[in-house]
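[1] Let's see this in three dimensions:
(4 chains)
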Protein chains: 2
Amino acid sequence: MSKVNIKVLAEQLQLSVSTISKALRDSYEISDETKKKVLELASQLNYVPNPYASSLRKKKSKTIAVVLPEVADNFFSLAINGIQSIAETKGYHVLIYLSHEKYANEKTILEDCQSGRVDGVLISISSETNTADHIKRLQAQNIPLVFFDREQEGIETARVTTNDFECGLLAANHLLQRGCRKPAFVSISQSLPICLNRMEGFKAALLQAGIPEMDIQTIYCTDDDSMNHQIKTILQSPDRPDGLIASVEKIVTPVYLACHELKINIPNDIKVIAFATLDTAPILNPPLTTITQPAFEIGKAAATLLFKGIEKSTFDLRKEKVVIPSALFERESTRGLTS
Amino acid sequence: MSKVNIKVLAEQLQLSVSTISKALRDSYEISDETKKKVLELASQLNYVPNPYASSLRKKKSKTIAVVLPEVADNFFSLAINGIQSIAETKGYHVLIYLSHEKYANEKTILEDCQSGRVDGVLISISSETNTADHIKRLQAQNIPLVFFDREQEGIETARVTTNDFECGLLAANHLLQRGCRKPAFVSISQSLPICLNRMEGFKAALLQAGIPEMDIQTIYCTDDDSMNHQIKTILQSPDRPDGLIASVEKIVTPVYLACHELKINIPNDIKVIAFATLDTAPILNPPLTTITQPAFEIGKAAATLLFKGIEKSTFDLRKEKVVIPSALFERESTRGLTS
DNA sequence: CTGAAAGCGCTAACAA
DNA sequence: TTGTTAGCGCTTTCAG
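    All right, here's what the predicted structure looks like:
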């Protein structure tokens, strides 16, 4: 079966290719009669326009890239859904790129995004990323870019985030109110603003509560493979924290497993709160208190901004900063001893 | 900043575009000296080839489509990782399309795949899909297609699945051995082979155990919104099952929540086993017995087959059928009364 | 080893 | 209202 294109349609209808092209795009220049004939033959022959030819000519691809660390993560998969829901209404395609938390991958991906393959980029940076050069190079090509959730400092463009500092504060105060005296914060990166901001909030709350800075425990699990081991080490240390804030979702399972294995009772021995959009949070043992990010909405907001940047050259993305607040859901994992 | 393309390189180096093109592709026709000059200038000017121009000319896009119902699902997100891992080694891009379990969406997506945008398609069909026409139309364009996990009958092409029937049998026998007398099977589709096969296995086990066919309960939750309500109804019925097989992951949370709310104890009042790749299974309350699909491997195998089909025209996808077995992980949710 | 020229499928001036 | 033509950026004969 040979591919049917505009030329084939033109020949069969004894019309010129431009007439066909215009008819297909419902141009006012073409009579209703010919339009009808064209559409009919097109659907009859199962004609599907070649998007690459069109992109090449029009210099726009009607495609956006979403660059993210991982798709096996509730936050990101929900964010993708939010992004797609907007892209759909705009008639755009979504190309998903995974950095797997590696800076090198992210760099390669952004290079590819300079090719004309996409009209804009939504990005949540990898936990390794701590430089802005690769992103600046993309911007130098005038490709609109919007950060969502995990932004990179030093880049002037729109970002959609949640209120990380306040939530760090909130999480810490929640633990303090539930009786924790030495809560610890578990981070996955030394550079990610989401981790830093959440941690700053945590620290601020503890300092305010009169806990000396040197007693504040912060733990870095920057490597997936050693995470289990690291968490166990902490839980077995003589100075074991009595509360834990998981800065991201993937810390939850290792923490629970370690506690179960070491017979450390949550919440009696240690209280746990996590930044997570896990839908299984209420059915965990025990049900997990979460700070839940509006993942879907963040995706939607970021995509909405990006399309404004793509469609209106007058729209200045640099000025845009949207903060959508997260919410605390209290569950058993942080209940006080009385319960 | 104007886009730098081959022509720009050619002008700056006083060479022809074809020489540049060949040099960039490391052709044997070009001297090492000019190759070096070209590569140098290219990287200096940040040249990135336009993939659409190349696709148009070469009539292949180096891109594959992955069509799936949902990304917020552990099975599919792991499968994506498997697919990407293979695509990466082949230098292919992956375009992810979500049908959101709607046939209409799936149809539109497959139409788009006929445009030349992709060289091949990996698909896991929606729970609504029960016709093959839209897939046949794609095949008529000679676009290689491979099913993974959720296949459509009546289409001759490669498929990578797991041993659904055996696992249905296994799950049912597991419940029977743990003392269940009237286990029920919860499905999400009347047509999906994965659900049908798992259910057939379930039925076969029960019949073999001497349970009369009319006593075998099968429940259909085809609609996400009403799932919670439906599950509650079942759990409150006088003829409440004493065991439950969740045919897919997303049934788990509603079942657990309903049991908690209705004070139905798992596993004492009802035992639960689920087809799922949930990493939180061991930390649920109670830990969930699962039949775990090799999601990553299924993705890898499907992608590997697809690339064979794309790259070797002699390779006949129609003959390929790969079955990668799942594994049962026994946990508290199906423990016998003794424990 | 390098270059000229045609063309992938489509769009957009500009003519007619 | 329709047609002619040039060209998007790249690859690929075919000549030189």
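[2] Please read off the pLDDT at the residue of the stretch 201-339 of chain A found nearest chain B from the model.
    Nearest residue of the stretch 201-339 of chain A to chain B (Cβ to the nearest Cβ) works out as A:N285 at 3.4 Å. (Each C-beta comes from the backbone N, C-alpha and C, glycine too.) Looking at A:N285, its pLDDT is 96.
[3] cool, A:S339 as well?
    Confidence at A:S339, expressed as pLDDT, is 42.
[4] A:D225 too?
    88.
[5] Distance check, it against A:E101.
    12 Å (Cβ to Cβ, to the nearest Å).
[6] Leaving out sequence neighbours, find the closest residue to the residue of the stretch 201-339 of chain A closest to chain B.
    B:N285 (3.4 Å; Cβ to Cβ, 6 or more residues apart in numbering or on different chains).
[7] related to what we said a few turns ago, please report how far the residue of the stretch 201-339 of chain A closest to chain B lies from A:T253.
    A:N285 is 12 Å from A:T253, where distance means Cβ to Cβ.
[8] now A:D215
    A:D215 sits at a distance of 28 Å from A:T253 (criterion: Cβ to Cβ).
[9] if we can go back for a sec, tell me the contacts of the residue of the stretch 201-339 of chain A closest to chain B?
    With contact set as Cβ atoms under 8 Å, 6 or more residues apart in numbering or on different chains, A:N285 has these partners: A:256, A:260, B:283-287.
[10] Tell me the residues on the stretch 51-200 of chain A that lie near DNA strand D, please.
    Residues of the stretch 51-200 of chain A lying close to DNA strand D (Cβ under 7 Å from any atom of the strand) are A:53, A:56-57, A:59, A:116.
[11] what about burial for the residues you listed, which qualify?
    The neighbour count (16 or more other Cβ atoms under 10 Å in any protein chain shown) marks A:53, A:56, A:116 as buried among these.
[12] Show the overlap between the residues you listed and what lies near DNA strand C.
    A:53, A:56.
[13] Closest one of the buried ones among the residues of the stretch 51-200 of chain A next to DNA strand D to DNA strand D?
    Ranked by distance to DNA strand D (Cβ to the nearest atom of the strand), those are led by A:L56 at 3.9 Å.
[14] Neighbours of the closest residue to the closest one other than its chain neighbours, how many?
    Among residues not flanking A:L56 along the chain, B:Y52 sits closest, at 5.0 Å (Cβ to Cβ, 6+ apart). Look at B:Y52: counted by other Cβ atoms under 10 Å in any protein chain shown, it has 24 neighbours.
[15] what about dumping the CA coordinates of the helix or strand where B:Y52 lies to CSV?
    Using DSSP states H and E, B:Y52 falls within helix B:51-58. Extracted in CSV, the C-alpha atoms of helix B:51-58 (Å, rounded to 0.1, in the frame of the first residue of the first chain):
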residue,chain,number,x,y,z
PRO,B,51,14.8,15.7,12.7
TYR,B,52,11.7,16.5,10.7
ALA,B,53,13.6,17.4,7.6
SER,B,54,15.6,14.2,7.9
SER,B,55,12.5,12.2,8.6
LEU,B,56,10.7,13.6,5.6
ARG,B,57,13.6,12.8,3.3
LYS,B,58,14.4,9.4,4.7
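[16] Could you point out the helix or strand that follows it?
    Assignment by DSSP H and E places the next element after helix B:51-58 at strand B:63-68.
[17] list the helices and strands that following strand packs on?
    Counting contacts by 3 or more Cβ pairs under 8 Å, 6 or more residues apart in numbering or on different chains; DSSP states H and E, strand B:63-68 is packed against helix B:74-90, strand B:93-98, helix B:103-112, strand B:120-123, helix B:295-311.
[18] could you redo the last one with a cut-off of 7 Å?
    The contact analysis (3 or more Cβ pairs under 7 Å, 6 or more residues apart in numbering or on different chains; DSSP states H and E) places strand B:63-68 against helix B:74-90, strand B:93-98, strand B:120-123.
[19] so which of these is the most packed in?
    strand B:120-123 (a mean of 27; mean count of other Cβ atoms under 10 Å in any protein chain shown).
[20] which residues sit in contact with A:N50?
    Residues in contact with A:N50 (Cβ atoms under 7 Å, 6 or more residues apart in numbering or on different chains) are A:5, B:115-116.
[21] For it, grab phi and psi.
    phi -80, psi 110 (degrees, to the nearest 10).
[22] related to what we said a few turns ago, and for A:N285 and A:T253, which residues touch both?
    B:I283.
[23] Identify the residues contacting the closest residue to A:E166 other than its chain neighbours.
    Take A:E166 and drop its neighbours on the chain: the residue closest to it by Cβ to Cβ, 6+ apart is A:G201, 6.2 Å away. Going by Cβ under 7 Å, 6+ apart, A:G201 touches A:164-169, A:172.
[24] How about A:S115?
    By Cβ under 7 Å, 6+ apart, the contact set of A:S115 is B:48-51.
[25] part of a helix, is A:N173?
    Yes. When DSSP: H, G, I helix; E, B strand; the rest coil is applied, A:N173 is found to be in a helix.
[26] Might one say that it is in contact with A:L207?
    No. Checked against Cβ atoms under 7 Å, the pair A:N173 and A:L207 is beyond contact range at 11.9 Å.
[27] Give me the more crowded residue out of the two.
    A:N173 (18 against 13).
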